[in-house]
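1. what follows is a predicted structure for the sequence shown.
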Amino acid sequence: MAVKVVKFGGTSMADAASITKVANIVKSDSERKYVVVSAPGKRYSEDRKITDMLYSCYHDVELCGECRETFDKIRERFRGIVKELDIDINIDKYLDEVEEGIVKYRSADYAASRGEYLGGIIISAVLGYSFIDAKDVIKFNASGDFDSELTNEYVKNAVRKTGNAVIPGFYGSDDAGNIVTFSRGGSDITGAVIARAVEASVYENWTDVDGFMTTDPRVVKNPVHIEQLTYRELRELAYMGANVLHPESIFPVRYSNIPINIRNTFNPEHKGTMIVPASDENTHNKTITGIAGKSGYSTIFIEKSMMNKELGFARRVLSVLEYYGVSFEHMPSGIDSLSLVIPDAELAGKEKAVVNRITKAVQPDHIELLSGYSLIATVGHGMSFKIGTAARLCDSLAKANVNIRMIDQGYSEMSIIVGVDTKDYEKAITAIYNEFFLEK
Ligand code: ADP
Ligand code: ASP
Ligand code: MG
């Protein structure tokens, strides 16, 4: 029998009513045998995610050795959920164990992971499925890197023994038994890892929207829905800020070409978005598939006459970044100039040192650090089949009075990335969206 892995995000787990919807979705299809869950998220926009509250608990403990006040709010939420669901579990026993652990281990990863752990215990009781603790199957090495092969083996062994099971998302453990988490939003990765191990026919990722939209619904109202996109398009869009799915969730499913189906817990009739290994011919009818963007970038602009003739110029610049442990995202270059586009979080506190050391290393005519950058990616396989896409894109930005600070088109011609001032970010996304998706 085909099996499906289903992952439910934070809003799907936020309260008893949503958890009941989750249970109904799982039970309505007997192939939905493996369930991965996030920690309860926000119930309304001013609410706090359980994961954020758990990070606060960790900080409380660092500051004053205990976290009673914040943890009581977490306790109240879980007690409320269990009471309303009317399930027979001693949630206080689990909550005591978690509070003690946060104080004892003083680990941000341990604290943060407990929302998924408790959410998993609850949903396994609701469904009557076995509970597989992610710490026993999702494995990280001593440097904190995810060990995909060992994990694959452990998950295969565990599911052989259990049948239908719930696995909490977001965390695992290292050799020494310490809890380690993926980066934020990482339950998507856990779902993909389980899908690979059980050779799922599909990895269903249930969230709070009808699927992938052509752009961020928080920037453009009701953007066009995407029926299908490819792994590569997803990777570009997710990496560049379309946070429906964690950008790393593609790697585990790529091993066996398992499609991902984004679905809406609050509108289960909708077919959602299919993410497939390669695109059907007809998707090329569309010039672009989607637009995504991120703010919070700086650029180091370096100018030097005849730099193109200076052997090892770029290597010397990049070795400075390596020395300071800074990774860059783009390096557009001209004949006599080169720019490094770097996330602010990477550069924080090291700006002056990096600029000074580059100056020493390559003695530029001019070097400048410019901040307040946003990057916008316009993505689609269809682009490589259509002449003039970049011209249309630039024209739409010019008409909207947006200055393009940088433009970069990859060799594969499936994405064009522009850098704009952050003040123009939403205006730029809207202009590109209107150009390619609005009926004219
Ligand atoms: P979950 O908690 O289920 O993992 P997330 O909050 O991580 O959900 O991801 C879903 C959210 O992603 C949506 O509510 C939406 O606001 C946001 N989002 C950003 N870009 C897009 C896009 N291109 N299409 C759809 N949703 C998007
Ligand atoms: N709960 C974690 C977070 O808020 C992981 C996830 O939701 O995927 O980032
Ligand atoms: Mg998410």
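-> Looks like it arrived, so ask away. Ligands and ions are numbered 1, 2, ... in the order given.
2. let me see the confidence value for the single nearest residue of the chain relative to ligand 3.
-> Minimum separation of the chain from ligand 3 (C-beta to the ion) falls at residue 185, amounting to 4.2 Å. From N, CA and C alone the C-beta is placed, and that goes for glycine too. In the predicted model, residue 185 carries a pLDDT score of 97.
3. in a strand, it, correct?
-> No: under DSSP: H, G, I helix; E, B strand; the rest coil, residue 185 sits outside any strand and is assigned coil.
4. would you confirm that it contacts residue 246?
-> Yes: here residue 185 reaches residue 246: they are 4.5 Å apart, a contact under C-beta atoms under 8 Å.
5. can you map out the helices along the stretch 251-400 of the chain?
-> Along the stretch 251-400 of the chain, counting by DSSP state H, counting those that start in this stretch, helices occupy 313-323, 344-347, 351-362, 389-399.
6. ok, back up a step: contacting residues for the residue of the chain closest to ligand 3?
-> Residue 185 makes contact with 243, 246 under the criterion C-beta atoms under 8 Å, 6 or more residues apart in numbering.
7. can you list phi and psi of it for me?
-> phi 80, psi 10 (degrees, to the nearest 10).
8. got the CA positions of the helix ranked longest in the chain in CSV?
-> Looking across the chain with DSSP state H, the single longest helix is helix 108-127. This file holds the C-alpha atoms of helix 108-127, laid out as CSV (Å, rounded to 0.1, in the frame of the first residue of the first chain):
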residue,chain,number,x,y,z
ALA,A,108,18.4,26.8,23.7
ASP,A,109,17.9,23.8,21.4
TYR,A,110,16.5,21.6,24.2
ALA,A,111,14.1,24.3,25.3
ALA,A,112,13.0,25.2,21.7
SER,A,113,12.3,21.6,20.8
ARG,A,114,9.8,20.9,23.6
GLY,A,115,6.9,22.5,21.7
GLU,A,116,7.1,19.9,19.0
TYR,A,117,7.7,17.2,21.7
LEU,A,118,4.5,18.1,23.7
GLY,A,119,2.5,18.7,20.5
GLY,A,120,3.5,15.3,19.2
ILE,A,121,2.5,13.6,22.5
ILE,A,122,-0.9,15.2,22.3
ILE,A,123,-1.6,14.4,18.7
SER,A,124,-0.5,10.8,19.1
ALA,A,125,-3.0,10.4,21.9
VAL,A,126,-5.8,12.0,19.7
LEU,A,127,-5.0,9.7,16.8
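9. by mean pLDDT, which helix or strand of this protein comes out lowest?
-> strand 406-409 (a mean of 85; mean pLDDT, DSSP states H and E).
10. ok so residue 17 is a helix residue?
-> Yes: under three-state DSSP, residue 17 falls within a helix.
11. now it, nearest residue through space, not along the chain?
-> Closest residue to residue 17 apart from its sequence neighbours, by C-beta to C-beta, 6 or more residues apart in numbering: residue 84 at 7.9 Å.
12. tell me the phi and psi of residue 416?
-> phi -120, psi 130.
13. for it, give its distance to residue 240.
-> Computed as C-beta to C-beta, to the nearest Å, the residue 416 to residue 240 distance reads 11 Å.
14. got any residues that touch both of these two?
-> With C-beta under 8 Å, 6+ apart as the test, residue 416 and residue 240 both reach residue 377.
15. ok so, going back, which strands and helices sit next to the very next helix or strand once past the longest helix of the chain?
-> Downstream of helix 108-127, the first helix or strand assigned by DSSP states H and E is strand 130-131. With contacts taken as 3 or more C-beta pairs under 8 Å, 6 or more residues apart in numbering; DSSP states H and E, strand 130-131 sits against helix 108-127, strand 165-168.
16. rerun that using 10 Å as the cut-off
-> For strand 130-131, the contact count by 3 or more C-beta pairs under 10 Å, 6 or more residues apart in numbering; DSSP states H and E identifies helix 108-127, helix 148-162, strand 165-168 as packing neighbours.
17. what does it rub up against?
-> Here strand 130-131 makes contact (C-beta atoms under 10 Å, 6 or more residues apart in numbering) with 117, 120-125, 158-159, 161-168.
18. quick one, what contacts the closest residue to ligand 2 within the stretch 301-440 of the chain?
-> As assessed by C-beta to the nearest ligand atom, ligand 2 sits closest to residue 345 within the stretch 301-440 of the chain, at 16.1 Å. Neighbour list for residue 345: 296, 297 [criterion: C-beta under 10 Å, 6+ apart].
19. mind checking pLDDT for it?
-> If you check residue 345, the pLDDT there is 94.
20. run through the residues that contact residue 218.
-> So residue 218 contacts residue 426 (C-beta under 10 Å, 6+ apart).
21. let me redo that: residue 157
-> 136, 137, 197.
22. grab the CA positions of stretch 221-239 and hand them over as CSV.
-> C-alpha atoms of stretch 221-239 as CSV (Å, rounded to 0.1, in the frame of the first residue of the first chain):
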residue,chain,number,x,y,z
LYS,A,221,-3.4,40.9,-1.8
ASN,A,222,-4.7,37.5,-3.1
PRO,A,223,-1.9,36.7,-5.5
VAL,A,224,-2.4,34.1,-8.2
HIS,A,225,-2.1,30.5,-6.9
ILE,A,226,0.6,28.2,-8.3
GLU,A,227,-0.7,24.7,-9.2
GLN,A,228,2.7,23.2,-9.9
LEU,A,229,6.3,24.1,-9.5
THR,A,230,9.6,22.2,-9.7
TYR,A,231,12.1,21.4,-7.0
ARG,A,232,14.5,23.9,-8.4
GLU,A,233,11.9,26.7,-8.6
LEU,A,234,10.8,25.9,-5.0
ARG,A,235,14.4,26.0,-3.8
GLU,A,236,15.0,29.4,-5.4
LEU,A,237,11.7,30.9,-4.1
ALA,A,238,12.0,29.4,-0.6
TYR,A,239,15.6,30.4,-0.2
